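Asker: Have a look; sequence and predicted model below, questions after that.
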Amino acid sequence: MKGEVWSQMGSLMATIVFVYTIFERFFPPHIRDRVQAYTQKLTNHFNPYVQITFPEFSGERLKRSEAYTLIQTYLSANSSKRAKRLKAEVVKDSNTPLVLSMDDNEEIGDEFEGVKLWWSANKVTTNPQRYNPFSYYGNSDEKRYYKLTFHKRYRDLITMSYIKHVLEEGKEIEMRNRQLKLYTNNPSSGWYGYKQSKWSHIVFEHPATFETLAMENKKKEEIIKDLVKFKKGKEYYAKIGKAWKRGYLLYGPPGTGKSTMIAAIANFMNYDVYDLELTAVKDNTELRKLLIETPSKSIIVIEDIDCSLDLTGQRKKKKEMSDDEEPKDPFRKNEEESNKSSKVTLSGLLNFIDGIWSSCGGERIIIFTTNYVEKLDPALIRRGRMDKHIEMSFCGYEAFKVLANNYLDVESHHLFGRIGKLLQQTHVSPADVAENLMPKSVDEDVETCLQKLIVALEMAKEEARKKAEEEEARLKEEKEKEEYAQMEDKNKDKRKEDVKGNGFH
Ligand SMILES: Nc1ncnc2c1ncn2[C@@H]1O[C@H](COP(=O)(O)OP(=O)(O)OP(=O)(O)O)[C@@H](O)[C@H]1O
Ligand SMILES: [Mg+2]
């Protein structure tokens with residue numbers, strides 16, 4: 001309350017100044033100036049406290065001040081336990097539906113590096129009679145502001161470090177509490193229409209976490225450590241002179257959890273996901289425009305990179321073929337023309353990943369997924385571009401245990417041993433295992449589900465065995481055919497030789 005006492009003292013001084021100004025017309029100007037200077041000095045002498053105000057709406061009052069909002073967030077986190085009168089607000093796009101902040105005319109203390117300071121929430125009503133029902137702000141003459149009071153001895157510390165700390169902390173809390181979003185790129189034909197933007201979004205509510213992700217523990221921990229290091233790496237990246245970004249390549253057969261892993265990363269990092277559909281991007285310029293709009297703390301995802309445009313050189317071949325033919329159908333011609341103009345190239349993409357563009361915004365993760373890592377251009381996946389290659393493989397015993405825990409709430413069971421052995425002998429994806437573990441009716445208990453999985457695994461094993469046998473038979477047949485052909489060739493040659501020999505004699 002010390003701050004409040006001094007601020008009241010300040011108001012008293014202000015009143016004295018006010019009284020002086022009423023009488024000012026009775027004094028000649030040079031005496032008036034002197035009196036004012038002395039009053040100011042006197043006030044400063046008695047009041048060693050400095051006050052800074054942060055109004056809710058500054059300037060044209062069109063936009064709520066960002067500083068005010070961040071201070072409110074910071075104080076909400078710190079004040080809701082201490083302040084006695086709180087204000088509850090429903091905040092949009094937040095995980096916490098109700099945000100508590102201190103009410104008008106409340107004051108709370110804070111401490112920074114051992115220095116005490118006070119925050120108060122204030123409101124002034126300049127013209128209480130005038131009420132504007134059309135105003136966005138309700139009563140347009142009601143002005144709110146936060147007031148920070150501290151001893152003038154700490155002026156530098158507070159203005160240089162504390163306020164920065166409050167704003168950063170406020171931002172951090174805001175990021176933590178916000179709802180994640182999943183963005184997808186709009187086709188460029190609609191970019192310039194009414195209210196259209198390059199990306200559209202929905203709330204991202206995927207429940208996947210690293211805990212529910214089925215993969216070997218060692219591998220999982222390695223990825224988590226990598227992510228934590230990246231998140232804390234702002235100074236490090238600045239020091240080594242690299243853009244603050246990291247690239248992951250997730251590869252593996254279908255249903256092994258690549259998309260699930262992306263969701264787990266987004267939830268873990270608390271980043272928005274930008275799912276980039278390359279086939280809807282016309283050319284490199286558009287690609288650049290899209291990527292430049294992705295902000296900090298985001299994950300840019302390009303799924304099935306091997307199927308996206310001419311990154312692997314295959315689409316290019318198709319285009320070259322269609323150049324020679326003259327399409328008869330006018331609609332087809334249009335389609336082919338748009339295909340021709342679809343020119344997102346590997347170098348365009350690499351330029352973004354590596355180039356100066358990538359440094360705009362900072363703190364970004366780029367994830368590519370593919371089912372066929374061997375098809376990708378080595379330039380795309382070399383280290384430095386894709387910093388980490390993560391193989392998502394078939395379901396092993398450890399992964400199965402995670403799934404059993406997720407789907408059936410069991411950590412051990414007498415059937416686990418048998419399942420472990422079968423998993424060693426087969427190649428099934430976690431998606432297939434999960435499908436069998438999921439109870440399909442209320443009568444299915446743990447035992448039934450595990451038995452169901454055993455049957456499925458045995459079938460998969462049998463199928464794999466049959467396939468292997470068929471493959472072996474096919475190879476054997478091919479070899480026999482080859483040997484037969486070689487023998488035939490030899491016989492032919494021999495016959496020719498014989499004919500030649502007969503002719504000479
Ligand atoms: N490793 C895993 N951990 C937990 N669940 C998994 C895992 N792999 C697959 N699943 C389950 O299987 C479903 C399909 O997995 P997901 O979509 O992540 O596979 P994917 O590797 O992206 O496949 P695709 O290559 O076809 O895109 C998911 O909804 C999830 O429930
Ligand atoms: Mg997928």
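Answerer: Structure received. Numbering: from 1, shown residues only. Ligands and ions are numbered 1, 2, ... in the order given.

Asker: tell me which element whatever residue of the stretch 201-350 of the chain ends up closest to ligand 2 falls in.
Answerer: Nearest to ligand 2, among the residues of the stretch 201-350 of the chain, is Ser259, at 3.3 Å (CB to the ion). Glycine gets a C-beta too; all of them are placed from N, C-alpha and C. Ser259 belongs to helix 258-269 when elements are defined using DSSP states H and E.

Asker: Next secondary structure element downstream of that helix?
Answerer: Next element after helix 258-269 (DSSP H and E): strand 272-275.

Asker: Only C-alpha atoms, please: export that next one in CSV.
Answerer: Provided in CSV are the C-alpha atoms of strand 272-275 (Å, rounded to 0.1, in the frame of the first residue of the first chain):
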residue,chain,number,x,y,z
ASP,A,272,0.6,-24.1,-34.9
VAL,A,273,0.7,-26.4,-37.8
TYR,A,274,0.9,-25.2,-41.4
ASP,A,275,0.0,-28.1,-43.6
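
Asker: Now do that strand: which elements does it pack against?
Answerer: Identification of packing neighbours for strand 272-275 by 3 or more CB pairs under 8 Å, 6 or more residues apart in numbering; DSSP states H and E yields strand 181-185, helix 258-269, strand 298-302.

Asker: Can you tell me what sits against it?
Answerer: 180-185, 199, 201, 204, 262-263, 266, 294-295, 297-301, 303 (CB atoms under 8 Å, 6 or more residues apart in numbering).

Asker: Confirm Ile224 sits in a helix?
Answerer: Yes: the assignment for Ile224, made by DSSP: H, G, I helix; E, B strand; the rest coil, places it in a helix.

Asker: Leaving out chain neighbours, which residue sits closest to it?
Answerer: Closest residue to Ile224 apart from its sequence neighbours, by CB to CB, 6 or more residues apart in numbering: Phe210 at 6.0 Å.

Asker: What is the neighbour count of that neighbour?
Answerer: For Phe210, the count of nearby residues is 17 (other CB atoms under 10 Å).

Asker: ok, of the contacts of strand 272-275, which come out buried?
Answerer: Neighbour counting by 16 or more other CB atoms under 10 Å classes 180-183, 185, 199, 204, 262-263, 266, 294, 297-301, 303 among the contacts of strand 272-275 as buried.

Asker: Which residue is it, in the protein, that comes closest to ligand 1?
Answerer: Gly257 (2.6 Å; CB to the nearest ligand atom).

Asker: Surely that residue touches Pro430?
Answerer: Yes: between Gly257 and Pro430 a contact is recorded at 5.4 Å, counting by CB atoms under 8 Å.

Asker: joint contacts of the two?
Answerer: Applying CB under 8 Å, 6+ apart, one finds that Gly257 and Pro430 are jointly contacted by Ala214.

Asker: and this protein, which of its residues are near ligand 2?
Answerer: When proximity is defined as CB under 5 Å from the ion, the chain approaches ligand 2 at 258-259.

Asker: which residues in the chain form strands?
Answerer: 49-55, 86-90, 98-102, 107-112, 115-125, 142-151, 181-185, 199-203, 245-251, 272-275, 298-302, 364-370, 388-391 (DSSP state E).
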